[in-house]
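Peer 1: For reference, the sequence and a predicted model appear below.
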Amino acid sequence: MLTYVWAGTLAVMTLGSGIAAYQFLYPYKRANTFGGKFYIGAATDLPLVGSEPQANVDGRFWLVNTENGPRAFSNICPRSLATGPIKFRWDADRNRFDCPVCGAKFSREGHYIEGPAPRSLDQFVIEVVTGHKVFAKTKRLPEEIIAPVVPSPEAKILVDTSKIIEGFASMDSPALRGSSLKVVPGELSA
Ligand code: FES
């Protein structure tokens, strides 16, 4: 009898520590946690086209709805990836994002305007789900990053913070001006 009790206790302890270890090793895969998927709601829950971007603090992104579809910009400035997160902010008066540290500016569509940043804003992949299928998602073409099509007001919107698409390098940036370096945007892991 005692053996069964011990075996049961051991099994529970092993399971508990296994779950704890998994959560420690894979903390980013949980929903609504950075590194996982954030459920925004139905398409009707998106900010109105042309309205102020919404900050998602936990997801570390700005959610913007444009005429071309929704976009989720990483709020970590492209220049600071190597030195730690420096979050940029929305300047409502000027209708653009700016970096509080170096003053780099980006449009509502995330395009580089000016300043030391080497490229436009990075974007997390947005998934548009209809029924149980992904109908469309953010994708990178050779010349631009395409926002997903939203087919109906009931479509569900998710931001996948495990998938980030690097913004396009700007040769207007002092970081790259005069350089023959060709920077090809690609997918980074978060
Ligand atoms: S320090 Fe990041 S763009 Fe300014």
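Peer 2: Great, that's in hand.
Peer 1: Could you list the residues of the chain in contact with the ligand?
Peer 2: Listed as neighbours of the ligand in the chain under the rule C-beta under 6 Å from any ligand atom: 77, 79-80, 86, 99, 101-102, 104, 116-117. From N, CA and C alone the C-beta is placed, and that goes for glycine too.
Peer 1: what about the longest strand in this protein?
Peer 2: strand 156-165 (DSSP state E).
Peer 1: which two from the residues of the chain next to the ligand end up farthest apart in space?
Peer 2: Ile86 and Pro116 (11.6 Å; C-beta to C-beta).
Peer 1: how does the protein divide up, domain by domain?
Peer 2: For the chain, automatic domain parsing gives the domain ranges 1-29, 31-189.
Peer 1: Deepest-packed of the ones you listed, please.
Peer 2: domain 31-189 (a mean of 17; mean count of other C-beta atoms under 10 Å).
Peer 1: how much distance is there from that one to the middle of the chain?
Peer 2: Relative to the centre of its chain, domain 31-189 is centred 6 Å away, using C-alpha atoms, centre = their mean, to the nearest Å.
Peer 1: Skipping its backbone neighbours, what lies nearest the residue nearest the centre of the chain in space?
Peer 2: Among the residues of the chain, the one closest to the centroid is Phe124, at 3.0 Å (C-alpha atoms, centre = their mean). Spatially, and ignoring its direct neighbours in sequence, Phe124 is nearest to Ala72 (4.3 Å; C-beta to C-beta, 6 or more residues apart in numbering).
Peer 1: residues touching the nearest residue to Lys156 once chain neighbours are set aside, list them.
Peer 2: What sits nearest to Lys156 in space, not counting adjacent residues and going by C-beta to C-beta, 6+ apart, is Val129, at 4.3 Å. Val129 sits next to 135, 155-158 when contact means C-beta atoms under 8 Å, 6 or more residues apart in numbering.
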